[in-house]
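Student: Here you go, sequence then predicted model.
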Amino acid sequence: MARGLASAPAGRHRTLPIVRPPESERALMSHVNTGGPGTPSAGATGPSDTPPSPRGALDRFFELSARGTTVPRELRGGVTTFFAMAYIIVLNPLILGGAKDVTGATLSIPQLTSMTALSAAIATVIMGLVGNAPLALAAGLGINAVVAFQAAPVMTWEQAMGLVVLEGVIIVLLAVTGVREAIMNAIPLALKHAIAVGIGAFIALVGLVDAKFVSSQAGSPPLSLGTGGRLTGWPAVVFAFALLVMIVLYVRKVPGAILIGIVAATVLAVIIEAAADVPKDAWGLVVPTVPDRLFAAPDFSLFGRIDVFGGFGRAGFVTALVVLFTLVLSGFFDAMGTILGISDEAGLVTERGEVPRLGRILSVDGLSAALGGVTSSSANTVYVESAAGVGEGARTGLANLATGALFAVTLFLTPLAATVPSQAAAPALVLVGALMMTQVAKLDWDDLDVAIPAFLTIVFMPFTFSITNGVGAGIVAYTVVKAARGRWREAGWLLPVISVVFLLYFGLDVVERLLGVK
């Protein structure tokens, strides 16, 4: 459940070409290539949201005018992204802190909380300054599970985090050598659109599940509305209230629609929790109560506690290599899919399907993964929740400065950060998912070479709860379809190679058995 213009010399910025759909399509997809609610193309008026003419160092550095955005819109988008992904400050420590390493040692929840916030703040700000993209980063869900439940049981925490550092180094090497950018550019434009659509469905499902508006169950059906097919309790009311407020404000083109919805729903949740008898587990990880204290001193003692190569000796070379392979592949393609999807939604993908400053973005993504190992918070990756900020108008790295600053503030305001329940923030993912899904209109469904791979890309993401699985299914299917129709040259040489890698990934259990790991 990331990406040429990247070769431009440092300190010099180009005007970025932005994909513009034809007028007939633009009428149906007014949010694409706009600043979301509040942009001039969305029908908003007022001096605060009118893109300025190029002026000032801030405008030139972040290319605000070139991307048709404003400082207020960027800051609003950055704040929205933070609230959409702030749950990771609570969830990541619970996942890592609930596991034991091979010696039986556990990591402290307070320490992990501090490291998660610190790592996210640094990585997000660096992405904003270097990549100039509205892509926030934090400890990756799924990747942290690999660290906690696959790596830690066969090695120490220091050695497991050492593998995370190695993952980041490998991803950086793939980026600086141009391999990662070549892979991303080799993916057909149609599949890139399909990735954006799939991510839309994926983040909508993430929002529904996080808010417990949809739940999993044993047997049939695997997913159901609420609990056992029924919505129960006040948290469902808060979710519905937040989603409806966001929809009404968004279609009315009110600036800050998503952020207003989150704040209003949080206030409602706090009132309900204080006045009604709500079971504590009904809200999920965050119970919306007024904290008894605002400040908490951060604990940085986990910083730098790594053993880069010790895991190969402790767990065995093959076992450690399998873990490292899983980390690299998940981190590589999760971020790739997210960067492509969100950049496409933000209107930053060129007519050739390329992402501005792609080389820098990919390098920062790798460095951020390594930083996650150094801080013992697990590998950082680009978050799909960045789409919430894009839906609010974020188009540049300036939004990241707002998101990163809020992560830094939570180092000292952890109790306050744990006030926003998922029922208030998750509706943002549902709304933005709906907006991203409209890009399905860009796909030619009459062309089987596109339709089948695109469909598999889209459905695998929400159905398997993994962006990597969706990207892999689409690439393998595209390669197979081209070969079956005698058009294998159209797939190039790189996609078949990537397809083999994904087949190894999907068949990893068999590979492990052949290698004697299992």
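Tutor: Received the coordinates, thanks.
Student: SS state for Thr106?
Tutor: Assigned state for Thr106: coil (three-state reduction, DSSP: H, G, I helix; E, B strand; the rest coil).
Student: any idea how far Leu107 is from the closest residue to it other than its chain neighbours?
Tutor: Closest residue in space to Thr106, ignoring its immediate chain neighbours: Lys100 at 5.5 Å, by CB to CB, 6 or more residues apart in numbering. In this view, the C-beta of every residue, glycine as well, is placed from N, C-alpha and C. Shown here: Lys100 relative to Leu107, a distance of 9 Å by CB to CB, to the nearest Å.
Student: who's more crowded, these two?
Tutor: Neighbours were counted for Lys100 and for Leu107 using other CB atoms under 10 Å; Leu107 has more, 23 against 14.
Student: Isn't the more buried one up against Ser301?
Tutor: No. Leu107 is beyond contact range of Ser301, at 10.5 Å (criterion: CB atoms under 8 Å).
Student: Mind listing what's buried along stretch 289-296?
Tutor: Residues of stretch 289-296 classed as buried by neighbour count (16 or more other CB atoms under 10 Å): Thr289, Ala296.
Student: residue contacts, the residue nearest to Thr106?
Tutor: Thr106, Ala152, Pro153 (CB atoms under 8 Å, 6 or more residues apart in numbering).
Student: In three-state terms, label the closest residue to the second one other than its chain neighbours for me.
Tutor: So that's Ala152. What sits nearest to Ala152 in space, not counting adjacent residues and going by CB to CB, 6+ apart, is Asp101, at 4.4 Å. Here Asp101 is recorded as coil under three-state DSSP.
Student: C-alpha coordinates for stretch 246-258, PDB please?
Tutor: Extracted in PDB, the C-alpha atoms of stretch 246-258 (Å, rounded to 0.1, in the frame of the first residue of the first chain):
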ATOM      1  CA  MET A 246     -15.800  18.500   2.300                       C
ATOM      2  CA  ILE A 247     -18.000  17.700  -0.700                       C
ATOM      3  CA  VAL A 248     -20.300  20.600  -0.300                       C
ATOM      4  CA  LEU A 249     -17.400  23.100   0.300                       C
ATOM      5  CA  TYR A 250     -15.400  21.600  -2.600                       C
ATOM      6  CA  VAL A 251     -18.200  21.800  -5.200                       C
ATOM      7  CA  ARG A 252     -18.900  25.300  -4.000                       C
ATOM      8  CA  LYS A 253     -15.200  26.100  -4.700                       C
ATOM      9  CA  VAL A 254     -14.500  27.200  -1.100                       C
ATOM     10  CA  PRO A 255     -10.700  27.600  -0.500                       C
ATOM     11  CA  GLY A 256      -9.600  25.200   2.200                       C
ATOM     12  CA  ALA A 257     -12.500  22.900   1.800                       C
ATOM     13  CA  ILE A 258     -10.700  19.800   2.800                       C
END
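Student: Give me the distance from that stretch to the chain's centre.
Tutor: Chain-centre distance of stretch 246-258: 23 Å, with CA atoms, centre = their mean, to the nearest Å.
Student: Name the residues of it that come out as buried.
Tutor: Met246, Ile247, Leu249, Tyr250, Lys253, Val254, Pro255, Gly256, Ala257, Ile258.
Student: ok but the fourth one is inside a helix, no?
Tutor: Think Tyr250. Yes. According to three-state DSSP, Tyr250 belongs to a helix.
Student: Where does pLDDT dip in the stretch 351-500 of the chain?
Tutor: For the stretch 351-500 of the chain, applying pLDDT under 70 flags the ranges 414-418.
Student: how about the strands in it?
Tutor: Along the stretch 351-500 of the chain, the segments classed as strands by DSSP state E, counting those that start in this stretch run 380-382.
Student: show me what contacts the residue nearest to Ala152?
Tutor: Ala152, Pro153, Met155, Thr156, Trp157, Ala160.
Student: before we move on, what about Leu508?
Tutor: Contacts of Leu508 were listed using CB under 8 Å, 6+ apart, and they are Val322, Phe325, Thr326.
Student: Selection in ChimeraX covering whichever of the contacts of Lys100 are buried, please.
Tutor: For the buried members of those, the matching ChimeraX selection, counting by 16+ other CB under 10 Å, is:
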select :152
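Student: just the contacts of Lys100 now: which is nearest Ala274?
Tutor: Thr106 (33.7 Å; CB to CB).
Student: quick one: the strands in the stretch 1-150 of the chain?
Tutor: Per DSSP E, counting those that start in this stretch, the stretch 1-150 of the chain carries strands over the ranges 137-139.
Student: shaky segments in it?
Tutor: For the stretch 1-150 of the chain, residues meeting the criterion pLDDT under 70 lie at 1-54.
Student: quick revisit: out of the buried residues of stretch 246-258, name the ones that lie in helices.
Tutor: Under the assignment DSSP state H, the buried residues of stretch 246-258 contribute Met246, Ile247, Leu249, Tyr250, Ala257, Ile258 to helices.
Student: okay if I get those residues as CSV plus pLDDT and distance to Glu63?
Tutor: What follows is these, written out as CSV (pLDDT from 0 to 100; distance: CB to CB, whole Å):
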residue, pLDDT, distance to Glu63
Met246, 90, 28
Ile247, 94, 31
Leu249, 91, 28
Tyr250, 86, 26
Ala257, 80, 25
Ile258, 81, 23
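Student: a markdown table please, covering the residues you listed and showing distance to Gly200.
Tutor: Formatted as a markdown table, those follow (distance: CB to CB, whole Å):
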| residue | distance to Gly200 |
| --- | --- |
| Met246 | 15 |
| Ile247 | 16 |
| Leu249 | 20 |
| Tyr250 | 15 |
| Ala257 | 18 |
| Ile258 | 15 |
